[in-house]
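Chemist: Would you be able to build a 3D model of this:
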Amino acid sequence: MADDIESRDKVFEWARLVNTDNLELGENVEIDDFVLVNAGDGTYIGDNSCLHSGTKLIGGGEFYMGRNSVVTYNCVLVTGYPKFTSHMSSGVPADEKDRVQGTIRIEDEVFVGSGSVVMPDVTLGEGAVVGALSYVDEDVPPWTIRYPDGTEMARPQFEPY
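Modeler: Okay, here's the model as predicted:
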C-alpha cells in the first residue's frame, strides 16, 4: 500500500506518514496537513474517515478506524508508551525499555473532539462521541457521548447506511 499512498489526493502535502508498509487506507480517506501517523504494527483507516490537522497517532501499536469517522484537531492517539518503571528517554534504545503497547479501535460513525487523548487498548464503539479535551483510557460504548469529566449519556441513533 505504501506506493499508492503518495498518489492519494486526500493525504495532504504536510502530513507525515511513518511505517507506511503497515498502513492501509480505505476510499476517500482524508489525512490533513500537520498530522503524524506512525503506522506501527498495523494501521487501517476506513472509507470516508479523516484525521484533522495536528492529530498524532503514535506509540508503535495497532490502530483501526472504521468508516465515516473523524478524529478532530490536535488529538493524540497513543498505541504504546514506556512504562514508568522503565527508562523513559527516547535516547534509550527501544529494546532496553519496558513498554505498554496495544490497540486503539475506533468503530464506524465515531467522532473524537479536539484535543482529546486516547490511550492503548481502548475501543470507541459505533456511533460514539468523545467530547473535546477528553482523556480516554477505557472503552466508550456504542452510541454514547463521553464528556471530558468521564460522564456519559446516550447518543440518538440514526440509520447511517
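
Chemist: and the helix or strand hosting Y44, what does it pack onto?
Modeler: Assessed by DSSP states H and E, Y44 sits inside strand 42-45. The criterion is 3 or more CB pairs under 8 Å, 6 or more residues apart in numbering; DSSP states H and E, and the helices and strands that strand 42-45 contacts are strand 23-25, strand 62-65. C-beta: built from backbone N, CA, C; applies to glycine.

Chemist: Given that strand, what are its sheet partners and their directions?
Modeler: According to DSSP bridges, strand 42-45 forms sheet pairs with strand 23-25 (parallel), strand 62-65 (parallel).

Chemist: Mind checking these for the one nearest to F158?
Modeler: For the strands paired with strand 42-45, the distance to F158 is smallest for strand 62-65, at 19.6 Å, taking CB to CB.

Chemist: next helix or strand past the closest one?
Modeler: strand 70-71.

Chemist: Other residues contacting that next one?
Modeler: S49, C50, L51, H52, T55, M65, L77, I106, V110, F111, V112 (CB atoms under 8 Å, 6 or more residues apart in numbering).

Chemist: just those residues now: which is nearest G40?
Modeler: Nearest to G40 out of the contacts of strand 70-71 is L77 (CB to CB; 10.4 Å).

Chemist: Which residues does the closest one form beta bridges with?
Modeler: L57, V118.

Chemist: same question, L17
Modeler: Taking DSSP bridges as the rule, L17 bridges to V37.

Chemist: now do Q101
Modeler: In beta-bridge terms (that is, DSSP bridges), Q101 pairs with G80.

Chemist: Could you list the low-pLDDT ranges of this protein?
Modeler: 1-9, 160-161 (pLDDT under 70).

Chemist: Repeat the analysis, applying 80 as the threshold.
Modeler: Scanning the chain for pLDDT under 80 picks out 1-9, 86-88, 90, 94-95, 158-161.
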